[in-house]
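Enquirer: A predicted structure for the sequence below; I have some questions about it.
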Amino acid sequence: MQRVKAFLASYHPWRSVATLIFAMAAALSIMPAPTPKAFSLIPGRVPFTLHAARIDATNAVINLSGELSFQSAVIQGLTITYSANGHTYTINVPGTVQMGSTQLYTSFFQTLGNDLSALGDIQKPDIGTVLLDALAVRPIPELVITNLTLKVDEGMNAAFVNMPGMQLSVS
Amino acid sequence: MYPALTAPMEGRTNWKVFAAVMGGGLAAVGTMTGLVMNGVVAMAADLPIPFTVQASSIDGQQFTLAPSAQTDPAQGAKVVMNGTLTNMTITKQVTIPGLGTFNINISAGGKGTPVQANGMTVFASSLGGDTSFPSGLTMDASTGSLSASQLNMSNATLQVPYLQTNSITLPNMSLSITPASSS
């Protein structure tokens, strides 16, 4: 009883905070370091490949569990390719593509935590901010990426899409 | 053996009956063609030959675009939809040995009455135009398909090796065959 009273008398909140930080540091030190993962998609699934010379997206949310969403986007130089049954289907849009609220689902994002630069050349904001917002699943008010390449092995939903001068070819 | 079976057939054509039957048949075909050309009656179409389809605008519903399967009647992008085509032209260039090359041109859907096609399946080796999906677009990587409840295309051009429709109206249809050199 004396020991308990002595402990309570000497209790300070900062001690519990320090203990928590120490415990977290100890736990992290015994966890294995993350190893870079090879580019992996759903086995047996043929992905769509989206390439854009430039995308300006508003309120983009990158969820490393496998989802990219944005409120709207303007895309320059969009090309979508898909291969099946010995043919390659290519949609090319020379004009400016406008997209409404969009969700993209792909396992590709699971590897981006290790190498976000694989997505493309991130122009705005800086790559550190993008990574932090991705880890926190936080909206990025204005996301600008050039030379974007994105493998989509699950799917995409868009509220509306305008594709001026769209051309689909089969080879 | 019976004599009636070995004897040669006797008799002659009753030209009045023949003319009545033939005239009635031609009138029925002409009436049907006229109704189709005026968009009153829809017909089913199955065109397994390569040709070019152009339209000033295509408004489609229940649109899907997917890769063709090996078992399909033609290869290319398989487009399925219901739609209206304004100022549609179907062109095909044919070469007849000894006579030359000709352009066959079928046009319909002008003068404010578009072509209406239901249950249309098109295998396109290429397609293009100013395209929008105003009610949304879905991409499914498990099938490689794009689908949309609504499609709007303007200045559309499709290279089509195969077209099939459950029904199609061809209002204000006209057919022209011209030498390729004069076009």
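Expert: Thanks, I have it. Please read all numbers here as calculations on a predicted model, not as lab measurements.
Enquirer: who touches residue 59 in this structure?
Expert: Just so you know, I chose chain A. Residue A:59 makes contacts with A:70-72, A:139-141, as judged by C-beta atoms under 8 Å, 6 or more residues apart in numbering or on different chains. (Glycine included, C-beta is placed from N, CA and C.)
Enquirer: can you look at chain B instead?
Expert: B:83-84, B:114, B:150-152.
Enquirer: dump the residue contacts of residue 91.
Expert: Chain wasn't specified; assuming chain A. A:78-81, A:163, A:166-168.
Enquirer: hmm, no, I was thinking of chain B.
Expert: Here residue B:91 is in contact with B:51-52, B:54, B:103-106 (C-beta under 8 Å, 6+ apart).
Enquirer: how near is the residue nearest the centre of chain A to residue B:169?
Expert: Centrality entry for chain A: nearest residue to the mean C-alpha point is residue A:62, 3.5 Å, by C-alpha atoms, centre = their mean. Separation of residue A:62 from residue B:169 (C-beta to C-beta, to the nearest Å) stands at 49 Å.
Enquirer: repeat for residue A:150
Expert: In terms of C-beta to C-beta, residue A:150 sits 42 Å off from residue B:169.
Enquirer: how far does stretch B:112-122 sit from the chain's center?
Expert: Between the centre of stretch B:112-122 and the centre of its chain there are 9 Å (C-alpha atoms, centre = their mean, to the nearest Å).
Enquirer: ok, now stretch B:159-178?
Expert: For stretch B:159-178, the distance to the chain centre is 3 Å (C-alpha atoms, centre = their mean).
Enquirer: in that stretch, which residues are buried?
Expert: With burial defined by 16 or more other C-beta atoms under 10 Å in any protein chain shown, the residues of stretch B:159-178 counted as buried are B:159-165, B:168-173.
Enquirer: over to stretch B:143-160?
Expert: Those buried within stretch B:143-160 under the rule 16+ other C-beta under 10 Å are B:144-148, B:150-153, B:156-160.
Enquirer: which among those are in contact with chain A?
Expert: residue B:144 (C-beta under 8 Å from any C-beta of the partner chain).
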